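S.K.: this is the structure alone, sequence omitted:
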């Protein structure tokens, strides 16, 4: 079995993301098996051809664990212990990464989180193109073998995803404000509106586009959220506190007639929101660095940690292996404004760095 | 001059709502004059034919005051005093009604608030169909002459709006939670995310659809909001307090491991959001058209150009090819409010169109 020819994948958990991964991999030419803890879901997946078998065996090269976040570490560790082949690649898709990274130490594992979703839930909402153009975060640790990372990176690119590498703890801090807290805000707003609508149903007729936009995520599958929120509760409670402080400040400004403060806050928010898509998609501001590295575990984590220590974001990582297989080159995309700082930091740590 | 034949309207304030009202009334057969405190805007409106004159005179039957909320009462009272005809109908479009109702006592006035908007601002974002299908609140008071109300109601129905009558104070209490507080939440969330993104720009790549949905309203014209929020600050601060209490309770449940409480809140919110009447989920907003087309190059461009010429946004396109390969069907998803217009446009250009 060679790594290049083996395209057998196994999915654990056939919900929205797991089943979409199965369909996307199938479309990319993989043979996909998989299972769900709910046997009727597994049966349905076999019937529909979402998976061709439900048995994980020695033929599988790639395993995607798409269970609820709280189960991932246990499932991954059991699986890695049972299957001791060195060329296995195991990843997960949970919305929280730190608590998993803290419990899985294996060169064959790299945590992941596709930033894609839908109001639909379960296999019924699955789509082969769910990940096309989406940001797929990978969170390599000191344990992760670079080859594991680079091969998975290649697979995800095949599915049309844009891969971003960050540390597990950075991921958790950032999704708290980008995803988890917004979900709680949407839920609180929807429930407060429902309370008022109970005795004044006309409220619901006054709910225009803005209200609908703001509460849309609240319609998402409520069964997956408590799990994710609890796994990430340190970062979520911190972000929630920051939002509560901002709301209290706005309320204070309203109560004390500081109209200028309210105007400033809203003007700043309007400017930031208008710039949001441009900044997110702008590839003109990226610079590319080449870093010569040995093929030792921990190199990736060392480089990404160095980056986060000096507050440099790595937008993308690619790994180019040397001809003799004894070393390689990391290709890193970073904000062009930070390229000098990051070069200096890496050079100080003994890396050979070149700017593309 | 009889009330039934006089269709001369005057708009004070040619921003997004005022200019859209002008266009909508024009399309409904009215002769529309109007003015803006910014002379260059008035000139541009005359040039573009949004209004045909900028002078308010005895010919005008209907006056729509579309100034910032804080100016409405003064403008309306001056206008009613200057024009003492009994058949005049005066309304406004401000997002807050109690402070206006408390200062205008005239049988010829009824306050209004169309629940429509856009991230665009000013006359540039104006559309004749902005009010089609929207809820337009009217807030008659004890002073309002029933004939004033019923005639205005008829005009708004002509523009495609669904009219709802509530008291001015109920309106303010309900829009606080349906619109004003959501705007503050979006602003607080956007600003907190910006603060984090300043030193960690990768956050913006993790901002998926949910975050974008939740902050979209924050991009709206920041100059109109402080005014509206201050005019309605009693209701807004009360609603904000309720939301802050809900967020603190959720945070407490996270900190104290009450997973069941978080699950309950989110389950209740998901249920309520799914049951939101009318255009609850995105797909409820969309209508699907089937267009039979030949397999000639340029057909797609022709259909999409037709759509943009009549300002219809195509949300989705699918191409189903015919069995013999000599033709096919385009499946187009468009805003349900535009389906009639778009059908007519395509039919006029020789396409066979069916609505799904």
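M.R.: Everything's here; your move. Fair warning: this is a prediction, and the values are worked out from it, not measured in the lab.

S.K.: report the secondary structure state of the nearest residue to residue A:290 once chain neighbours are set aside.
M.R.: Leaving out its chain neighbours, the residue that sits closest to residue A:290 by Cβ to Cβ, 6 or more residues apart in numbering or on different chains is residue A:354, at 4.4 Å. C-beta here means a position set from N, CA and C on the backbone, and glycine is covered the same way. Following DSSP: H, G, I helix; E, B strand; the rest coil, residue A:354 is assigned to strand.

S.K.: run a quick neighbour tally on residue A:354.
M.R.: Neighbour count for residue A:354, taken as other Cβ atoms under 10 Å in any protein chain shown: 11.

S.K.: ok, now which ones touch it?
M.R.: In this structure, residue A:354 makes contact with A:289-291, judged by Cβ atoms under 8 Å, 6 or more residues apart in numbering or on different chains.

S.K.: how close does the closest residue to residue A:85 other than its chain neighbours sit to residue A:67?
M.R.: Leaving aside its sequence neighbours, residue A:85 sits nearest to residue A:58 (Cβ to Cβ, 6+ apart; 6.9 Å). Residue A:58 sits 22 Å away from residue A:67, going by Cβ to Cβ, to the nearest Å.

S.K.: more neighbours: those two, which one.
M.R.: residue A:67 (20 against 9).

S.K.: give me the below-cutoff pLDDT ranges for the stretch 151-300 of chain A.
M.R.: Applying pLDDT under 70 to the stretch 151-300 of chain A picks out residues A:277-286, A:294-300.

S.K.: list phi and psi for the residue nearest in space to the middle of chain A.
M.R.: The centroid of chain A falls nearest to residue A:113 when counting by Cα atoms, centre = their mean (2.5 Å). Main-chain torsions, residue A:113, degrees, to the nearest 10: phi -160, psi 100.

S.K.: which segments of chain A make up each domain?
M.R.: With domains defined by automatic domain parsing, chain A comprises A:8-166, A:171-281, A:286-355.

S.K.: pLDDT of stretch A:312-319, averaged?
M.R.: Across stretch A:312-319, pLDDT averages out at 66.

S.K.: now do stretch A:345-355
M.R.: Stretch A:345-355 comes out at a mean pLDDT of 83.

S.K.: can you check stretch A:68-78 too?
M.R.: The predicted model gives stretch A:68-78 an average pLDDT of 95.

S.K.: closest to chain B among the contacts of residue A:354?
M.R.: Ranked by distance to chain B (Cβ to the nearest Cβ), the contacts of residue A:354 are led by residue A:289 at 15.9 Å.

S.K.: give me phi/psi at that closest one?
M.R.: When quoted as degrees, to the nearest 10, the phi and psi of residue A:289 stand at phi -120, psi 140.

S.K.: just checking, it touches residue A:334?
M.R.: Yes - in this structure, residue A:289 is within contact of residue A:334 by Cβ atoms under 8 Å, at 6.5 Å.

S.K.: quick one: residues contacting residue A:28.
M.R.: Counting by Cβ under 8 Å, 6+ apart, residue A:28 touches A:155, A:158-159.

S.K.: same thing but at 6 Å, please
M.R.: By Cβ atoms under 6 Å, 6 or more residues apart in numbering or on different chains, residue A:28 lies in contact with residue A:158.

S.K.: now it: how far from chain B?
M.R.: Separation of residue A:28 from chain B (Cβ to the nearest Cβ, to the nearest Å) stands at 21 Å.

S.K.: how close does residue A:47 sit to residue A:14?
M.R.: In terms of Cβ to Cβ, residue A:47 sits 12 Å off from residue A:14.

S.K.: re the thing from before, and the residue nearest to residue A:85, that's in a strand?
M.R.: No - according to three-state DSSP, residue A:58 belongs to no strand; its state is coil.

S.K.: any idea how far it lies from residue A:8?
M.R.: Residue A:58 is 10 Å from residue A:8, by Cβ to Cβ.

S.K.: ditto for residue A:229
M.R.: Per Cβ to Cβ, residue A:229 is found 35 Å from residue A:8.

S.K.: ok so, going back, how about TSV for the domains of chain A, with distance to residue B:51 added?
M.R.: Below are those laid out as TSV (distance: least, Cβ to Cβ, whole Å):
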stretch	distance to residue B:51
domain A:8-166	42
domain A:171-281	26
domain A:286-355	48
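
S.K.: residue B:272 is nearest to which of those?
M.R.: Among those, the nearest to residue B:272 by Cβ to Cβ is domain A:171-281 (4.3 Å).

S.K.: all helices of chain A, in order?
M.R.: Ranges of helices in chain A, per DSSP state H, are A:16-27, A:39-48, A:72-82, A:98-101, A:146-158, A:168-175, A:181-199, A:209-215, A:225-231, A:233-255, A:259-281, A:299-309, A:339-348.
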